[in-house]
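>>> Sequence and predicted model, in that order:
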Amino acid sequence: MAVANTSSSSWSSTLLFAIVFLLLVNISVFCNGGKTSTFTRKPEKTEDMPLHSDVFVAPSGYNAPQQVHITQGDDEGKAVIVSWVTMNEPGKSVVHYWREGSPHKKMVAKGYLVTYRFFNYSSGFIHHCTLKDLQFDTKYYYEVGIGHTKRQFWFMTPPEIHPDVPYTFGLIGDLGQTYDSNKTLDHYESNPKKGQAVLFVGDLSYADNYPYHDNNRWDSWARFVERSVAYQPWIWTAGNHELDFAPEIGENEPHKPFTHRYPVPYKASGSTAPFWYSIKRASAHIIVLSSYSAYGKYTPQCEWLEAELPKVDRSKTPWLIVLVHSPWYNSYNYHYMEGETMRVMFEPWFVKYKVDVVFAGHVHAYERTERISNVVNGHCGAVKDQSAPVYITIGDGGNIEGIANNMMEPQPEYSAYREASFGHGIFEIKNRTHAHYSWHRNEDKFSVEADSMWFFNRHWHPLDDSTTTQHH
Ligand SMILES: *[C@@H]1O[C@H](CO)[C@@H](O)[C@H](O)[C@H]1NC(C)=O
Ligand SMILES: *[C@@H]1O[C@H](CO)[C@@H](O)[C@H](O)[C@H]1NC(C)=O
Ligand SMILES: *[C@@H]1O[C@H](CO)[C@@H](O)[C@H](O)[C@H]1NC(C)=O
Ligand SMILES: [Fe+2]
């Protein structure tokens, strides 16, 4: 009896030890994810720059064009949409443009003009003009404000679509117009990697944080970012701060300021609305989705995406990039699971078509995941999946709502790196197999890469690239 008892108790303590051991191993292997950066930014008040700040100064001269911005104007990079605002009178919606070295061969494009009202705000005269049939890889100068005060700018067209052509995209999200926003833009512009176009993941001006959504803050934002977006295209994604849905003041039409001010080439990709569309640029195929338009089964966005993905030709554009405002994987205690229903709808397609990377904003911090998916029937939770994209949340532009610094603990296994700092990203395509990605925090010197990873293309080089990351 005593003997049996002893042996059974030693057996059970061994078992207990084994269980505790397994639990500990289990926690460290399956629950703890990658790195949570201990970097803490200097505590500062996040506030909007006052309207009299240098960045908001309107150009001088009668009816001088202001808020100049460009975006891609077709599906392959041979067209550019130029937009600007005149305040005094309509003026002419005309752009003069010419190739570098051929100032005597000026061409003229004629655009159109829109205005809108929002509660008691009346917009200026908003001009949009598409320059078409441009040559690839060419510097163009352009002039707006024909008739009164002319202003001159320039842009580079992208190289012709080719699987091995290098191209460098900047990544900015949730920018707003605070002193931090200004630092983010400054760091992007001064980054020696020199982004050639910005993939903007939504939430532009945050004008809707003002009483009656004071649309003068849409104007000031556009004057603030002109120093970059007049010279290189920003590819627009609609965020929740683009909704401007305010029935309490009679504004029932969502997206009114955004659609009047920021046209996109959605028809070129067969889309029926400006909130979801695609472009090809250099060696990338970029799909823009809308978290705030219907995406359930049978909706226009869902049908468009279903038809779009099989059209992606990785032999022409190896890099398949998706932009969407609300992240699908997010381990911050902000906007938790807001992207979940869209993930459930679309994630199986992203795995099937081997999307390389998904960039999102919305959460005002930085996070990069492992290659993961959550699409297996009966399995609940994300698992490593080499056919799946990396998900990057880059809603860290520095807007007025402040930093998101409350994280879920322990860090989920899918989360490779996260940090509550403001910054921007650079996605540097080298050729069809390799792209170098880096994230740059505002607190560092311009060239510092706080987080980085070599991306191996999912179609041409689908090896495990998770071991190529570095943090500083
Ligand atoms: C719009 O209405 C608000 C609230 O009544 C007021 O403070 C503001 O000055 C008005 N703006 C214009 C342009 O009338
Ligand atoms: C914004 O940043 C630019 C570039 O660094 C600087 O010249 C300007 O003074 C800044 N403005 C404000 C209001 O911080
Ligand atoms: C693609 O770029 C990577 C990184 O720069 C380089 O190591 C590799 O040799 C390149 N591949 C080809 C075929 O040039
Ligand atoms: Fe947002």
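Thanks, I have the structure now. Numbering: from 1, shown residues only. Ligands and ions are numbered 1, 2, ... in the order given.
>>> Helices of this structure, start to end?
For the chain, helices defined by DSSP state H occupy the ranges 2-26, 179-190, 216-229, 256-261, 300-308, 340-352.
>>> which residues are contacting the fifth one?
Contact partners of helix 300-308, identified using Cβ atoms under 8 Å, 6 or more residues apart in numbering, comprise 269-273, 275-276, 278, 287, 289-290, 293-296, 345-346, 349. For every residue, glycine as well, the C-beta is placed using N, CA and C.
>>> That helix versus helix 340-352: what angle between them?
10 degrees (axes from the mean of the first three to the mean of the last three Cα atoms, to 10 degrees).
>>> Use 264 as the first number from now on
All set: I'll call the first residue 264, so the last point we hit is now helix 563-571.
>>> For helix 563-571, list the C-alpha coordinates in CSV.
This file holds the C-alpha atoms of helix 563-571, laid out as CSV (Å, rounded to 0.1, in the frame of the first residue of the first chain):
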residue,chain,number,x,y,z
PRO,A,563,-19.4,45.7,-56.5
GLN,A,564,-16.1,45.7,-54.6
CYS,A,565,-16.1,42.0,-54.0
GLU,A,566,-17.0,41.2,-57.7
TRP,A,567,-14.3,43.6,-58.9
LEU,A,568,-11.6,42.0,-56.7
GLU,A,569,-12.6,38.5,-57.7
ALA,A,570,-12.2,39.5,-61.4
GLU,A,571,-9.1,41.5,-60.8
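>>> Now do that helix, average pLDDT.
In this model, helix 563-571 has a mean pLDDT of 98.
>>> In terms of pLDDT, where does the residue of the stretch 264-413 of the chain found nearest ligand 4 sit?
Using Cβ to the ion, T309 is the residue of the stretch 264-413 of the chain that sits closest to ligand 4, at 14.9 Å. Note on T309: pLDDT of 83.
>>> so who does it touch?
Applying Cβ under 8 Å, 6+ apart to T309 gives the contacts 441-443, 661-666.
>>> quick one: contacts for whatever residue of the chain ends up closest to ligand 4?
Minimum separation of the chain from ligand 4 (Cβ to the ion) falls at H625, amounting to 3.9 Å. With contacts defined as Cβ under 8 Å, 6+ apart, the neighbours of H625 are 436-437, 465-466, 502-503, 554, 588-590, 598, 601-602, 656, 658.
>>> got the contact list for the residue sitting nearest the centre point of the chain?
With distances taken as Cα atoms, centre = their mean, the residue of the chain nearest its centroid is V464 (2.3 Å). With contact set as Cβ under 8 Å, 6+ apart, V464 has these partners: 434-437, 500, 502, 586-588, 622-624, 657-658.
>>> could those be laid out in CSV, adding pLDDT and neighbour count?
Formatted as CSV, these follow (pLDDT from 0 to 100; neighbours: other Cβ atoms under 10 Å):
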residue, pLDDT, neighbour count
L434, 99, 28
I435, 98, 29
G436, 98, 33
D437, 98, 31
T500, 98, 29
G502, 98, 26
L586, 99, 24
V587, 99, 28
H588, 98, 29
F622, 99, 30
A623, 98, 29
G624, 98, 31
I657, 98, 25
G658, 98, 33
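>>> Show me which of those is closest to E363.
Closest approach to E363 among the contacts of V464 (Cβ to Cβ): I435, at 26.9 Å.
>>> ok, which stretches of the stretch 314-463 of the chain are strands?
Assigned by DSSP state E, counting those that start in this stretch, the stretch 314-463 of the chain shows strands spanning 329-335, 343-349, 357-362, 370-373, 375-377, 380-381, 384-385, 388-394, 402-407, 414-419, 430-435, 460-463.
>>> which helices and strands sit right next to the fourth one?
To tie it back to what came earlier, the one meant is strand 370-373. Applying 3 or more Cβ pairs under 8 Å, 6 or more residues apart in numbering; DSSP states H and E, we find strand 370-373 packed against strand 357-362, strand 388-394.
>>> just the third one next, same as before
For strand 357-362, the helices and strands in contact under the criterion 3+ Cβ pairs under 8 Å, 6+ apart are strand 370-373, strand 388-394, strand 402-407.
>>> cool, the last one as well?
Contact partners of strand 460-463 among helices and strands, from 3+ Cβ pairs under 8 Å, 6+ apart: strand 430-435, strand 497-499, strand 582-586.
>>> Then the second one?
The elements that strand 343-349 packs onto, with contact taken as 3+ Cβ pairs under 8 Å, 6+ apart, are strand 329-335, strand 388-394, strand 402-407.
>>> at 6 Å instead, please
Contacting strand 343-349 under the criterion 3 or more Cβ pairs under 6 Å, 6 or more residues apart in numbering; DSSP states H and E are the following elements: strand 329-335, strand 388-394.
>>> Done for today, thanks.
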